[in-house]
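**Student:** Sequence plus predicted model, see below.
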Amino acid sequence: LINYREGERVLAEFEEITTMAEKIYEVLEPEKKDAFFQLVLYPTRASRNVLKMHIYAGKNQFFATQGRSSTNDFAELTEKTFKEEAADTDYYNKEIAEGKWYGMMSQPHIGKANWRGPEKNIMPEVKRIEVLAGSEMGVYLEGSTETLDDNNKSGNLPGFSKYIDDEYYLEIFNKKADPFEFSIRVEEPWIKVSQVSGVVEKEERIMVSIDWEMAPVGEDITGKLIVAGTGKEYEVLVSIFNPASPAVEELEEMTFVESHGYISIEAEHYNRNMAVDGIRWEKFAEYGRTLSSMILVPRTDRSFIPPETGPYLEYRLYLFTPGEVEITVYTAPTLNFDRRHGLRYALSLNGEEPVIADLFPVEYDADYSCPEWMQAVVENVHKSRTRHYIEKPGYHTLRIQMVDPGIALQKIVIDTGGVKPSYLGPPESFYRRK
């Protein structure tokens with residue numbers, strides 16, 4: 001809910017897919033609708049509804065801690081979505097094909113449970129608060145866990161970088177029942193806001209962005225804006241990262257640039273792809289949690305030791321932060337199907353000796369006694385981490401080398417100190433395209 005707008009982004013994708021399926025369903029011949037509902041519309045809409053329900057419930061709980069008057073609205077939305085999912089399931093079981101698939105979707109699937117599943121569908125817990133007459137302004141800044149209040153009248157939006165077309169939001173919300181007017185005073189000409197005044201009934205989201213042509217040059221520039229309403233004023237600090245170099249147009253092709261304390265890379269966006277003895281990395285489109293995978297073809301049982309002898313992918317980086325970094329590699333949750341060894345790859349920076357990482361060591365097994373396997377099942381991904389040292393800012397080269405077959409490489413994240421908790425990892429960083 002908080003970091004990278006992950007919940008909103010994923011839900012938007014589900015909404016788009018569901019809308020497409022519903023439009024197709026509406027124009028189908030009557031004799032084809034039952035089959036389409038069973039095979040396409042139901043799984044699409046049910047997935048969307050379960051995700052939406054949990055997001056609504058999460059917002060309800062989060063907003064309750066802030067005292068937002070919209071808390072109760074999200075309790076009602078959670079209940080509404082829970083009922084819509086139940087109605088679709090009931091229609092699947094009893095109506096399509098005159099009840100041909102009765103009971104097929106009867107297994108409960110919502111609620112905390114062990115491996116057997118819950119005894120019945122259980123809606124996530126929601127809270128309701130008392131909303132008093134009057135009006136009282138609250139302000140929430142994107143990425144925060146708390147709101148601005150009388151004890152904390154100043155806060156920071158996430159930092160802006162010239163290498164990413166960032167915009168962040170602040171939310172002006174009402175803690176009571178009656179609408180109020182608000183205003184925003186921008187202190188610097190390079191800070192842009194989507195709205196400088198208005199009326200809040202429940203809440204208003206204000207987008208903040210940067211006019212980079214007017215922004216001063218520097219790596220640590222701070223401006224501010226003032227939000228006022230219901231007799232309160234809050235200060236919102238806006239920091240920008242606008243170094244003199246490198247300029248975007250001066251970057252080498254396929255170079256990823258550090259922003260916000262990390263570089264995040266989709267594996268298919270490599271700078272160099274080197275085959276060995278006909279074995280090569282190849283893109284497997286749309287196989288991945290965020291974009292795709294790079295897999296090894298043709299199929300082989302060959303391992304490459306030392307790893308310098310194997311096929312590799314190279315990625316070009318521009319880093320501003322020297323010191324120790326942690327590199328997380330995301331791969332498909334493949335098992336160690338060749339029990340003579342694990343599921344290894346090697347990673348090196350700037351030609352250093354490769355570090356071998358093992359995604360699923362030989363002693364691991366696909367069993368409830370193996371926490372690593374269970375986590376890979378839950379997240380549908382293997383994540384392995386290695387630590388490296390960056391001596392100085394500038395260009396660097398990251399190499400991912402094959403050791404064992406069977407790896408499907410999806411995403412790489414270089415954490416220089418800014419990565420925040422999330423399910424999918426941070427969105428892809430800016431890179432200079434060819």
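**Tutor:** Everything's here; your move. Residues are numbered from 1 along each chain as shown.

**Student:** tally of neighbours for residue 236?
**Tutor:** With neighbours defined by other CB atoms under 10 Å, the count for residue 236 comes to 25. For glycine as for every other residue, the C-beta is placed from the backbone atoms N, C-alpha and C.

**Student:** likewise residue 97?
**Tutor:** 12.

**Student:** do the same with residue 160
**Tutor:** 27.

**Student:** go on, residue 143?
**Tutor:** Residue 143, neighbours per other CB under 10 Å, totals 17.

**Student:** hang on, it packs against residue 168?
**Tutor:** Yes. Counting by CB atoms under 8 Å, residue 143 does reach residue 168; the two are 7.3 Å apart.

**Student:** overlap in contacts of those two?
**Tutor:** By CB atoms under 8 Å, 6 or more residues apart in numbering, residue 143 and residue 168 have these common neighbours: 157-158.

**Student:** Could you report the distance from residue 194 to residue 187?
**Tutor:** Going from residue 194 to residue 187 by CB to CB, to the nearest Å gives 17 Å.

**Student:** Kindly apply the preceding question to residue 202 instead.
**Tutor:** Residue 202 is 28 Å from residue 187, by CB to CB.

**Student:** do residue 381 as well
**Tutor:** 43 Å.

**Student:** next one: residue 27
**Tutor:** In terms of CB to CB, residue 27 sits 53 Å off from residue 187.

**Student:** of the two, who's got more company?
**Tutor:** residue 187 (13 against 6).

**Student:** what residue ranges in the stretch 151-300 of the chain are flagged as low confidence?
**Tutor:** Within the stretch 151-300 of the chain, no range satisfies pLDDT under 70.

**Student:** Next up, phi/psi of the residue nearest to residue 91 when sequence neighbours are not counted, please.
**Tutor:** Of all residues not flanking residue 91 in the chain, residue 37 sits nearest, at 7.7 Å (CB to CB, 6 or more residues apart in numbering). Backbone geometry at residue 37, expressed as degrees, to the nearest 10, gives phi -60, psi -50.

**Student:** show me what contacts residue 37?
**Tutor:** Contacts of residue 37 (CB under 8 Å, 6+ apart): 25, 91-92, 96.

**Student:** where does the closest residue to residue 153 other than its chain neighbours land in three-state SS?
**Tutor:** Nearest non-adjacent residue to residue 153, counting by CB to CB, 6+ apart: residue 234, 5.4 Å away. With DSSP: H, G, I helix; E, B strand; the rest coil as the basis, residue 234 sits in strand.

**Student:** count of residues packed around residue 234?
**Tutor:** 23.

**Student:** For it, give the beta-bridge partners.
**Tutor:** Applying DSSP bridges to residue 234 gives these bridge partners: residue 227.

**Student:** I figured it hits residue 227, correct?
**Tutor:** Yes. With contact defined as CB under 8 Å, residue 234 reaches residue 227; the gap is 4.8 Å.

**Student:** Need the overlap of contacts for the two.
**Tutor:** In contact with both residue 234 and residue 227: residue 139, using CB under 8 Å, 6+ apart.

**Student:** Mind listing what's buried along stretch 196-204?
**Tutor:** 200, 203-204 (16 or more other CB atoms under 10 Å).

**Student:** With stretch 384-402 instead?
**Tutor:** Buried-residue list, stretch 384-402, by 16+ other CB under 10 Å: 384, 386, 388, 390, 396, 398-402.

**Student:** Among the residues you listed, which pair sits farthest apart?
**Tutor:** 390 and 402 (24.4 Å; CB to CB).

**Student:** distance of the residue nearest to residue 153 from residue 97?
**Tutor:** From residue 234 to residue 97 the distance is 58 Å (CB to CB).

**Student:** what's the answer for residue 352, then?
**Tutor:** From residue 352 to residue 97 the distance is 62 Å (CB to CB).

**Student:** Thank you, goodbye.
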